[in-house]
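Peer 1: Fold the stuff below for me.
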Amino acid sequence: MKEIKSQKLEAFTFLDRINKEKWTASHDGGWQCGILTINMSECINGVLKGVRRLPVIAIVEMTLKRTAHYFRERALKSGVMLSNSQLWTDFAKKKFTHWGEKSINHTVTKYNHLQQSASVVTKRQQGPGLNTHVVKLANRECSCGKWNQFGIPCSHAQKVCVAYNISTASMVKEYYDVMAYKNTYSGIFEPLQSKDYWDVPNFELVHDLTIRTSTRPSQNKTSRIPNKMDWRQMREQQQAQQRGEFSRQSNMPLPGCPE
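Peer 2: Prediction:
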């Protein structure tokens, strides 16, 4: 926010009027686990990249194969981490180490022993610094918001842990543990047999006519915001309509079109 304020005061004022719980990951109360609104959907889109407009059966098959591939790769990766006696996943290990190195230059003032609270002043080097943050180890929170966002003690929290003689490793969320990572990807996928070997269903599939999609174009409009792929599709449809209109006006068939 300080950087935004230094660049454009209007933008800072606009954002400052909005409740921070609605647009920042650091103040979401931990409910989104650091995931903003669109990040998860974009992640799924990345996994299923290339399946757009494919038949439903092809989409299901590709989803199964790619999911099985991800599980297999991560299961092997967890085995390597366990053999190396690694405590946490690579992401958590990297952040924990980086923040631990930053904490060396912080200054701590202890306040309440029961809450294990303290204020931490960062040291200015070649960038921002001289900021004061409040850490309460009993509540596992820091005013910077990073600890709550990532589940990994930030540099301020790690400095306070050292001051109170508490293990910083015990403050890392359990879902970063390598065994938790291994258990997450321990699922087994079975290969599908040919359709000829599938069990024949002994029931009749009855469609719910009350939710049948109308064939009228005016009632099939989506409320989703169009993206680049939609714009390209709309341009193609408009161009096709224009070509068809030109063909009817000139009474001449287009190349490749039936007379």
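
Peer 1: average model confidence for the longest helix along the chain?
Peer 2: Ordering each helix of the chain by length in residues (DSSP state H) puts helix 56-83 first. Averaged over helix 56-83, pLDDT sits at 90.

Peer 1: Flag every buried residue along that helix.
Peer 2: Neighbour counts over helix 56-83 (16 or more other Cβ atoms under 10 Å) mark 62, 71, 74-75, 77-78, 81 as buried. All C-beta atoms are positioned from the backbone trio N, CA, C, and that covers glycine.

Peer 1: where exactly do the helices run in the stretch 51-200 of the chain?
Peer 2: In the stretch 51-200 of the chain, helices defined by DSSP state H, counting those that start in this stretch lie at 56-83, 90-102, 146-150, 155-163, 178-184, listed in chain order.

Peer 1: These: which one's closest to Q238?
Peer 2: helix 56-83 (27.0 Å; Cβ to Cβ).

Peer 1: how far off helix 90-102 does the closest one point, in degrees?
Peer 2: Using axes from the mean of the first three to the mean of the last three Cα atoms, to 10 degrees, the inter-axis angle of helix 56-83 relative to helix 90-102 is 50 degrees.

Peer 1: counting contacts, what elements does helix 56-83 pack onto?
Peer 2: helix 39-47, helix 178-184 (3 or more Cβ pairs under 8 Å, 6 or more residues apart in numbering; DSSP states H and E).

Peer 1: between those helices, which one is nearest to I57?
Peer 2: Short answer: helix 39-47, nearest of those by Cβ to Cβ, at 18.0 Å.

Peer 1: List the buried residues for that closest one?
Peer 2: The neighbour-count check on helix 39-47 (16+ other Cβ under 10 Å) flags nothing as buried.

Peer 1: Need the residues that contact that helix.
Peer 2: 63, 66-67, 70 (Cβ atoms under 8 Å, 6 or more residues apart in numbering).

Peer 1: how about low-confidence regions in the stretch 51-200 of the chain?
Peer 2: Low-confidence segments of the stretch 51-200 of the chain (pLDDT under 70): 124-129.

Peer 1: Repeat the analysis, applying 80 as the threshold.
Peer 2: 51-53, 124-130 (pLDDT under 80).

Peer 1: coming back round to it: what's the closest of the helices of the stretch 51-200 of the chain to K195?
Peer 2: helix 56-83 (9.2 Å).

Peer 1: tell me the angle that closest one makes with helix 39-47.
Peer 2: Going by the same axes, to 10 degrees, helix 56-83 makes 110 degrees with helix 39-47.

Peer 1: centre of the chain versus helix 56-83, how much separation?
Peer 2: Centroid separation between helix 56-83 and its chain, computed with Cα atoms, centre = their mean, to the nearest Å, is 18 Å.

Peer 1: on that earlier part again, which of the buried residues of helix 56-83 lies closest to E10?
Peer 2: Nearest to E10, judged by Cβ to Cβ, of the buried residues of helix 56-83 is R74 at 44.8 Å.

Peer 1: List the residues that contact the closest one.
Peer 2: So R74 contacts 181, 184-185 (Cβ under 8 Å, 6+ apart).

Peer 1: okay, now the domains of this protein?
Peer 2: Following automatic domain parsing, one gets these domains for the chain: 2-85, 90-181.

Peer 1: nearest spatial neighbour of L137, skipping sequence neighbours?
Peer 2: Q116 (3.7 Å; Cβ to Cβ, 6 or more residues apart in numbering).

Peer 1: want to try JSON lines for the helices of the stretch 51-200 of the chain, with distance to E236 as columns?
Peer 2: As requested, the helices of the stretch 51-200 of the chain are exported to JSON lines (distance: least, Cβ to Cβ, whole Å):
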{"stretch": "helix 56-83", "distance to E236": "21"}
{"stretch": "helix 90-102", "distance to E236": "41"}
{"stretch": "helix 146-150", "distance to E236": "42"}
{"stretch": "helix 155-163", "distance to E236": "52"}
{"stretch": "helix 178-184", "distance to E236": "42"}
